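**Student:** Predicted model and sequence follow; I will ask about them next.
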Amino acid sequence: MLDRSIAEHRITREPPVLAERRRQGLATYETAAMPTAADEHWKYVDLDFTMETQSLPAQMGAKMAPPTGVSRVSATVVDGFVEIDPEHPGSVEIARFDEVARRNPELFSAVVASRSDDIFLAGNAAFAGDGLFIHVPRSTAVETPIVIDIQSVSAGTISFPHIAISLGENSEASIVLIFRSSEEELVVAPVVETTLGDAARLSMTSVQTWGRQTKGLGYQRVRLGRDSAMKMGEVGLGGALGRLDLSVDLDGDGSSYLLNGLSFGDGDQVLDYRMVLNHRGRNTSSDVLLKGAVEDQAESIFTGLLRIEEHATNTSAFENNRNLVLSAGAKAQSVPNLEILCDDVVCGHGSTVGPLEEEHLYYLASRGIGRERAERVLVKGFFDEVIDKLPSQSVAAPVRDEVERKFVAAQAAGRLG
Amino acid sequence: MNPALDVTDLRASVGDIEILKGLSLQVPFGEIHAIMGPNGSGKSTLCHVLAGKEAYTVSGDARLDGEELLGKPTDVRARMGLMQGFQYPVEIRGVKLVDFLKEAADEAGIDEDEAVRRIAESGDQFDMTRFLTRSVNQDLSGGEKKRSEIFQMAVLRPKVVILDEIDSGLDIDAVREVAGAVEAMRSPEVGIVLITHYSRILRYLSADRIHVMMEGRIIESGGPELAAQLEAGGYEAFRARLT
């Protein structure tokens, strides 16, 4: 049961824009229903918990060991509570929500959305702990990547981390988000909201390695200003359930969004990707490539909608979802969609679902490469195509290792084929 | 000394249909042999059967340097020293050519320093260096793909090379270039079999023997003059000799 007095107590202490947001969130949360599989947006996903079975974290739980593969962490979020490294790169502002809402309510309101009907988004607005705000001032280029480590550690909780990212006009930054959790049974519903000002450039890499008893319900919201460009790398490897609900608004003329992502499900993992790209400005472009593998009893879902609005002339939009189904009991669903209301566009979408291609295996065999090694080489190559394009290559090695570990385990257990 | 490749009375069928009907062929080390035949003569089947592609019922004998090939899986045959160059090499996204060759070399027991040395040397020789860090065969022109096949063999050094229609779909400059690459591969350690429909490529390399294949058999073997006869009279002139 989520204790509403926690939200009410925060409301009395917080600056007005944040308190109002929390109040609205609470009101929506109390009338919102838990989604069911009958809801198209939640089809194939079984949420076997209710808000009644979970509690809110009362305080920051025990921090996990530092993440591998990244240099210094600028901020750590544990169970929704924020800890900021006081020595973080000076040119970027990193602060808690209440501080930004007090000092600069206009900036806060411009980046953090106020309303949503979704129970987890509303719950996040109502019950989020601190909230972490990252602001890169206009015409500032941040050289070193800003690394944020988002952990969920306390058993039986549902936590609501919230990260807001704002890039001022003509600024540039690189961000790495690491989502991790303990091996406790818990739920986490993180929200990442990103707003790029005109001509801003953001490279962001998100790596999800939740524990195997975590149900993760992630949300990403992106708004792109005129001539801004975002390059995204998205990695999903952990969780009993690893869901990402991604929505990108290409509002500004000339804005662009590029995503390279990968997922690998094993055991009985469910990895669920829901993407909507709204092309609203003119001359915008997007390119999404998401590659996934499933083995054992794992299941992956991809639904991607490219929506081109009526006045979005000269749009270029591509979306591709490629799935390797490595075991007989594993499943992958892929549903790419186009909704085009403008005729001056170049759009494409594709999806594949299937095992490793025999023709490829035969080519490798013809060079003397045996079946086991050939499978490993092909799966590695399948993922390397996207791993090589992750904006932050510092995470590439641990991601590659984890993918290989999963594959080799499946192969050793004889689950392939 | 064993021939590089020694095929005796090779038969292959799919279901009830016999495609290879008792084919015999000997290719000594150091030589280039061309097998020429019209569409449907069984040229591609010969290539598949020697390489070990499943789906055929096979009988007869095919020895590589004295060792039996038939009945072994494709990767084992390749490690014994038989490699085929494909008519349409597949594109394998994400697998870099250099990594692919290192894996193949490792599987063949070539040590890594030696593999790296060969890759550098042959990469230079066949002008493939710039393709090493790209995905295998991806975005290569027809001629580049065929050159890549030959380059891979130059690194892995098989004892028998079978090139299936390596000249098909290439313009004349590319044919000349690929022919040069085949000639460059010639050595006393390898026997090369060139399977082709057209005599065009034979103008740019010196084949030691020409074999005419029809209806699943070699019906005539001879020197380079056979290619000239084919060019003049086509396959029809040979069809009359079938019994």
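**Tutor:** In hand now; what should we look at?
**Student:** Tell me how many other residues surround the closest residue to residue A:81 other than its chain neighbours.
**Tutor:** Of all residues not flanking residue A:81 in the chain, residue A:60 sits nearest, at 3.9 Å (C-beta to C-beta, 6 or more residues apart in numbering or on different chains). (C-beta placed from N, C-alpha, C; glycine too.) Counted with other C-beta atoms under 10 Å in any protein chain shown, the neighbours of residue A:60 add up to 19.
**Student:** and what of residue B:145?
**Tutor:** Number of residues near residue B:145 (other C-beta under 10 Å) recorded here: 25.
**Student:** Just the pLDDT at residue B:209, thanks.
**Tutor:** pLDDT, residue B:209: 96.
**Student:** Kindly report the same for residue A:180.
**Tutor:** With respect to pLDDT, residue A:180 scores 97.
**Student:** Where does it fall, secondary structure wise?
**Tutor:** Using DSSP states H and E, residue A:180 sits within strand A:172-181.
**Student:** tell me what that strand is packed against?
**Tutor:** The helices and strands touching strand A:172-181, judged by 3 or more C-beta pairs under 8 Å, 6 or more residues apart in numbering or on different chains; DSSP states H and E, are strand A:132-136, strand A:146-152, strand A:162-167, strand A:201-209, strand A:214-224.
**Student:** Include mean pLDDT, distance to residue A:262 and mean neighbour count when you put those strands into a markdown table, please.
**Tutor:** Formatted as a markdown table, the helices and strands packed on strand A:172-181 follow (pLDDT from 0 to 100; distance: least, C-beta to C-beta, whole Å; neighbours: other C-beta atoms under 10 Å in any protein chain shown):
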| stretch | mean pLDDT | distance to residue A:262 | mean neighbour count |
| --- | --- | --- | --- |
| strand A:132-136 | 98 | 25 | 25 |
| strand A:146-152 | 97 | 19 | 25 |
| strand A:162-167 | 98 | 21 | 25 |
| strand A:201-209 | 98 | 10 | 23 |
| strand A:214-224 | 97 | 15 | 24 |
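**Student:** can you put those strands in a markdown table and add distance to chain B?
**Tutor:** Shown next, in a markdown table, are the helices and strands packed on strand A:172-181 (distance: least, C-beta to the nearest C-beta, whole Å):
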| stretch | distance to chain B |
| --- | --- |
| strand A:132-136 | 33 |
| strand A:146-152 | 27 |
| strand A:162-167 | 30 |
| strand A:201-209 | 19 |
| strand A:214-224 | 25 |
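**Student:** Dihedrals phi and psi, the residue nearest to residue A:81?
**Tutor:** phi -60, psi 120 (degrees, to the nearest 10).
**Student:** quick one: it and residue A:130 touch, right?
**Tutor:** No. Using C-beta atoms under 8 Å, residue A:60 is not in contact with residue A:130, being 9.4 Å away.
**Student:** Find the residues that touch each one of those two.
**Tutor:** residue A:81 (C-beta atoms under 8 Å, 6 or more residues apart in numbering or on different chains).
**Student:** still on that earlier bit, ok, which of the helices and strands packed on strand A:172-181 comes nearest residue B:111?
**Tutor:** strand A:201-209 (35.8 Å; C-beta to C-beta).
**Student:** how about that closest one as CSV, C-alpha atoms only?
**Tutor:** Provided in CSV are the C-alpha atoms of strand A:201-209 (Å, rounded to 0.1, in the frame of the first residue of the first chain):
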residue,chain,number,x,y,z
ARG,A,201,23.3,18.1,-29.2
LEU,A,202,22.9,15.2,-26.8
SER,A,203,24.5,11.8,-26.8
MET,A,204,22.9,9.5,-24.2
THR,A,205,23.5,5.9,-23.4
SER,A,206,21.2,4.0,-21.1
VAL,A,207,22.2,0.6,-19.7
GLN,A,208,19.7,-1.5,-17.8
THR,A,209,21.0,-4.4,-15.8
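**Student:** Can you name every helix or strand that that strand contacts?
**Tutor:** Strand A:201-209 packs on strand A:162-167, strand A:172-181, strand A:191-196, strand A:214-224, strand A:229-236, helix A:396-412, going by 3+ C-beta pairs under 8 Å, 6+ apart.
**Student:** Please enumerate residues in contact with it?
**Tutor:** A:165, A:167, A:171-180, A:192, A:194, A:196, A:216, A:218, A:220, A:228-239, A:242, A:244, A:390-392, A:395, A:398-399, A:402.
**Student:** need the residues of chain B near chain A, please.
**Tutor:** B:51, B:53, B:73-75, B:78-79, B:83-84, B:86, B:89-90, B:92-96, B:99-100, B:103-104, B:107-108, B:135-136, B:152, B:156 (C-beta under 8 Å from any C-beta of the partner chain).
**Student:** Tell me the buried residues within those.
**Tutor:** Among the residues of chain B next to chain A, those scoring as buried are B:51, B:53, B:74-75, B:78-79, B:83-84, B:86, B:89, B:92-96, B:99-100, B:103-104, B:107-108, B:135-136, B:152, B:156 (criterion: 16 or more other C-beta atoms under 10 Å in any protein chain shown).
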